[in-house]
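Enquirer: sequence plus the predicted model coming up.
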Amino acid sequence: MADLSRRTWLGLAGAMAAVGPAAAVPDRFDLLIKGGEVIDPSQSLRAKRDVGIRFGVVAALEPDIPSERAKQTIDASGKLVLPGLVDLHAHTYPYGSAIGIPADETVPFSGVTTVVSAGDAGANNIAALRRHIAAQTRTRMFAFIHIANNGLSAFPVAELYNLDNAQVEACALAIAENPDFAIGAKVRMSENVIFKHGAEPLKRAIQACEMSGRPAKVMVHIGGVETPALMSQILDLLRPGDILTHCYSGAPNSAGQFTNIVQDGKLLPAALEAKRRGVVFDIGHGGGSFDFTVAEAAIAQGAPPDTISSDLHVFSGNTPGMPFLPVVMSKFLPLGFSLEQVIAMATHKPAGIIDRVPKLGTLQVGAPGDVSVMEWIERPLSMVDTRNNRRDGKGFLTPVQTVNNGVPFGRPYQSPFSVR
């Protein structure tokens with residue numbers, strides 16, 4: 001009997017080998033997203049395509065994939081199918097940062113599949129963010145480690161009024177110990193955060209990145225910088241690949257002076273030089289950090305944005321500017337950018353800055369199975385920045401369905417624009 005069983009098994013194995021692997025493993029997809037218009041700037045692609053996902057990875061991108069080849073199908077007819085959105089600046093450390101919001105709970109509003117915690121945690125609490133939040137969050141998460149040891153846990157108390165909180169060696173060690181999670185260091189350079197410490201907090205953040213031995217980047221928050229001279233010094237210190245977030249902030253300093261990258265309608269020469277040498281200009285809209293007038297002047301004078309991010313947190317999410325990522329993306333269409341350009345700035349461009357996951361931010365075969373199905377709602381609307389300036393738009397993006405690692409999740413959500 002044992003011999004017969006052995007012969008039977010060998011016979012079956014031989015038969016399977018003879019007809020090839022396709023018969024042994026049915027050519028089926030775990031998920032098929034069918035009938036939508038794919039916009040993938042990483043491939044210069046805008047066309048009707050079906051997306052087949054198998055084992056959490058994009059396995060096919062074809063004009064027509066039969067539904068019977070899929071275990072589950074999402075009908076995306078009349079919708080836009082985008083690579084999963086990548087938010088380079090948000091605050092996603094609930095319970096640990098005073099302003100953190102659970103990333104997964106924002107998905108129905110945002111369509112974001114990858115998010116970066118922008119300095120919520122410092123060296124003292126980055127392990128808790130990684131082990132207790134990121135590890136239990138379906139949204140893919142990375143982090144900038146705050147140069148202040150306690151990150152934003154004491155907010156609204158300014159973390160860098162006492163410069164002793166900025167421990168270079170501790171931050172460098174935390175970056176070095178988390179190479180797959182930590183992108184670099186975060187520092188806030190507003191006057192109401194750093195008091196009279198000048199450029200020293202930024203210098204310490206840069207030093208921590210260099211001391212880590214990693215190709216680490218600094219993300220520097222601006223808006224309400226103490227003096228115009230300090231703003232220029234900040235720009236001069238930034239290295240190629242470092243990120244200037246809130247780049248179009250119009251917030252004044254403590255004395256009411258406007259000390260941002262555009263002053264009296266003119267782009268600072270230091271800002272243009274920073275742009276030319278490869279400093280990343282990131283939006284970081286938030287509740288107080290995006291000004292249409294600053295953006296328009298900077299863009300016209302040679303400093304367009306590189307990435308569009310939300311700066312979404314528990315306070316900013318309830319502000320009139322509604323900084324959910326698709327809303328922020330939609331605000332750049334009236335500024336002269338195409339839909340493809342806007343999508344690029346929220347997909348493969350920030351993914352390239354993160355640089356931790358191959359093909360992140362694309363729908364190329366072999367990419368992570370991250371997809372944001374969106375609807376384009378065409379109708380006139382007025383969009384507001386964080387300083388009560390308005391611009392008229394012709395339409396906006398709103399999430400329909402989000403897929404992360406090949407698994408749909410997040411309930412459908414009606415855009416806040418739709419109910420106005």
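Expert: Happy to help now that I have it.

Enquirer: what helix or strand does the residue lying closest to residue 251 once chain neighbours are set aside sit in?
Expert: Spatial nearest neighbour of residue 251, chain neighbours left out: residue 223 (4.0 Å); criterion: C-beta to C-beta, 6 or more residues apart in numbering. In this view, the C-beta of every residue, glycine as well, is placed from N, C-alpha and C. Under the criterion of DSSP states H and E, residue 223 resides outside all helices and strands.

Enquirer: what count of nearby residues applies to residue 223?
Expert: Using other C-beta atoms under 10 Å, residue 223 is surrounded by 29 other residues.

Enquirer: and it, what does it touch?
Expert: By C-beta atoms under 8 Å, 6 or more residues apart in numbering, residue 223 lies in contact with 190, 246, 249-251, 260, 288-289.

Enquirer: give the PyMOL command for selecting the buried subset of the residues you listed.
Expert: Listed next is the PyMOL selection for buried residues among the contacts of residue 223, using 16 or more other C-beta atoms under 10 Å:
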select buried, resi 190+246+249+250+251+260+288+289
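
Enquirer: okay, the residue nearest to residue 251 and residue 190: tell me how far apart.
Expert: The gap separating residue 223 from residue 190 is 6 Å, by C-beta to C-beta, to the nearest Å.

Enquirer: quick revisit: need phi/psi at the residue nearest to residue 251.
Expert: Dihedral pair for residue 223: phi 120, psi 110, per degrees, to the nearest 10.

Enquirer: re earlier: between residue 223 and residue 190, what contacts are shared?
Expert: residue 251.

Enquirer: picking up where we left off before, quick one: the residue nearest to residue 251 and residue 41, what's the gap?
Expert: Remark: distance between residue 223 and residue 41 (C-beta to C-beta) = 29 Å.

Enquirer: ok, back up a step: can you tell me how far the residue nearest to residue 251 sits from residue 91?
Expert: 15 Å.

Enquirer: how about residue 399?
Expert: For residue 399 relative to residue 91 (C-beta to C-beta), the value is 20 Å.

Enquirer: tell me which of those two has more neighbours.
Expert: Neighbours per residue (other C-beta under 10 Å) separate residue 399 from residue 91, with residue 91 holding more: 29 against 25.

Enquirer: now do the contacts for the residue nearest to the more buried one when sequence neighbours are not counted.
Expert: Spatial nearest neighbour of residue 91, chain neighbours left out: residue 313 (3.7 Å); criterion: C-beta to C-beta, 6+ apart. Residues counted as contacts of residue 313 (C-beta under 8 Å, 6+ apart) are 90-91, 99-101, 286-287.
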